[in-house]
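Asks: build me a structure from this.
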Amino acid sequence: MSTQTIDELPTPSLILDRAILHRNLKRMSDRLRNAGVILRPHLKTAKSIQVGRMAVEGHDGRITVSTLAEARYFARGGFKDILYGVGIVPAKLPAITELRRQGVNLRVVMDNLAVARAIAAAAISGDTFSVLIEIDSGAGRAGLPFPELPGLLDIARVLRAAPGVDLAGVMTHAGHSYHQSTPEGIAAIAEQERRAIVGAAEALRAAGIPCPIVSGGSTPTAMHSADFTGITEMRPGVYVFNDLDQEFIGSCGAGDLALSVLASVIGHYPHRNQLLVDAGALALSKDISAQEFQPKVGFGTIASAAAGAATNGIAVVDCSQEHGFVGSNRPLPYGDLPIGSRVRILPNHACITAAAYDRYYVVDSELDGGRTVVDVYDRINGW
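Replies: You can find the predicted model right below:
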């Protein structure tokens, strides 16, 4: 690869700061290792072999994915223990079997008797499966609600009775932790998460059903849990990059955002105290998650192109498909942002912003302030 600087990249482009990435990976790796919990990173955020290999360094290599496209991609990259973390349906079981026959322990999650019976029927014909039962620990998305756990033992018994089916354990995602903005609030959700999956595991064991894996997952609860007792693994994902949402809820600091969108200034409009950049909804997404606690961040905050440091009070306040409307409560510094100049935009939600791109242009803020492209990482999109 010939040496490029960020001034030579097309805009919009996705920029990944390797130095911050490494710090983020080490922080989570050290935290969970010290807590005695196995790390199973959720790679739906990065969707990148290169980032995935760094994330599991020093661990046993298990990962989580959110699409079958990711499962195939990471399997080709040598990953052998993969949890497909979205509820499985019977029509997708042949795709699971295809990868398992290639030597990949592709595990699935489910929460209902109909799918348990479909898995058991497929196993009777010779297929094998590894299954985790999903528990709703309070997020209200998927899973058997705790503490009632309706149908838990019925589902478990169907799976246990089927030849070739490994009931591997239980799992949950504490997505409601994203709506807390204090360490104490997140820690309370983390304890709710822990009680739900440990309680489900204990219910299975009391019925004579083994439950080796007790799997929790979210970046906030992984960072702020005060007690991991009974949990065997955690599945944080966005911690690899972080974003404004994670910064504002306290999962990371302002200097821990590794991802940004490089954009060009394409117009000045002093009469409305705005300028335009060539990164709109398709380049940034219209995710407004960070606005829950900081409304003025809009659809992303403006940072300097060179170092990726936030420019105080300047944000993408609105966007159309390919245009970002940049504004501020104070007069914009047009002299510092001439037409044709470049800025970086720090995203509200890294996972969704990154989904617009097929590659990361990697820089390193510890080498030259992040001006030189030191590598290009690929990523997998689609389903």
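
Asks: how far out from the middle of the chain is the lowest-mean-pLDDT helix or strand in the chain?
Replies: Lowest mean confidence among the helices and strands of the chain (mean pLDDT, DSSP states H and E): strand 310-319, at a mean of 86. Strand 310-319 sits 24 Å away from the centroid of its parent chain (CA atoms, centre = their mean, to the nearest Å).

Asks: after that strand, next one along is what?
Replies: For strand 310-319, the succeeding helix or strand toward the C-terminus, using DSSP states H and E, is strand 324-328.

Asks: what's the angle between that following strand and strand 310-319?
Replies: Per axes from the mean of the first three to the mean of the last three CA atoms, to 10 degrees, the angle that strand 324-328 makes with strand 310-319 is 130 degrees.

Asks: just checking: what are the partner strands of strand 324-328?
Replies: Applying DSSP bridges to the sheet, strand 324-328 is found paired with strand 274-277 (antiparallel), strand 310-319 (antiparallel).

Asks: now do the first one, average pLDDT.
Replies: For strand 274-277, the mean per-residue pLDDT is 98.

Asks: what packs against the helix or strand that it is followed by?
Replies: Later in the chain than strand 274-277, the nearest helix or strand by DSSP H and E is helix 281-284. Under the contact criterion of 3 or more CB pairs under 8 Å, 6 or more residues apart in numbering; DSSP states H and E, helix 281-284 touches strand 259-269, strand 310-319. From N, CA and C alone the C-beta is placed, and that goes for glycine too.

Asks: before we move on, back to that, winner for burial among the strands paired with strand 324-328?
Replies: When the strands paired with strand 324-328 are scored by mean count of other CB atoms under 10 Å, the highest mean neighbour count falls to strand 274-277 (a mean of 24).

Asks: contacts for that strand?
Replies: 263-269, 316-317, 323-327, 332, 334, 337, 343, 345 (CB atoms under 8 Å, 6 or more residues apart in numbering).

Asks: now do stretch 87-100
Replies: 68, 71-72, 75, 82, 84, 106, 108-111, 115, 118-119, 122, 127-129, 134, 142.

Asks: what's the spacing between it and its chain's center?
Replies: 22 Å.

Asks: output the helix ranked longest in the chain as CSV, nothing but the C-alphas.
Replies: Determined from DSSP state H, the single longest helix within the chain is helix 183-206. Only the C-alpha atoms of helix 183-206 are listed here, as CSV (Å, rounded to 0.1, in the frame of the first residue of the first chain):
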residue,chain,number,x,y,z
PRO,A,183,-21.9,4.1,37.2
GLU,A,184,-24.4,3.3,39.9
GLY,A,185,-27.3,3.1,37.5
ILE,A,186,-25.4,0.9,35.1
ALA,A,187,-24.1,-1.3,38.0
ALA,A,188,-27.7,-1.8,39.1
ILE,A,189,-28.6,-3.0,35.6
ALA,A,190,-25.6,-5.2,35.6
GLU,A,191,-26.8,-6.9,38.8
GLN,A,192,-30.2,-7.4,37.3
GLU,A,193,-28.5,-9.0,34.2
ARG,A,194,-26.4,-11.2,36.5
ARG,A,195,-29.4,-12.3,38.6
ALA,A,196,-31.5,-13.2,35.5
ILE,A,197,-29.0,-15.5,33.8
VAL,A,198,-27.6,-17.0,37.0
GLY,A,199,-31.2,-17.6,38.2
ALA,A,200,-32.0,-19.3,34.9
ALA,A,201,-28.9,-21.4,35.1
GLU,A,202,-29.8,-22.4,38.7
ALA,A,203,-33.3,-23.4,37.6
LEU,A,204,-31.9,-25.7,34.9
ARG,A,205,-29.4,-27.2,37.3
ALA,A,206,-32.0,-27.8,39.9
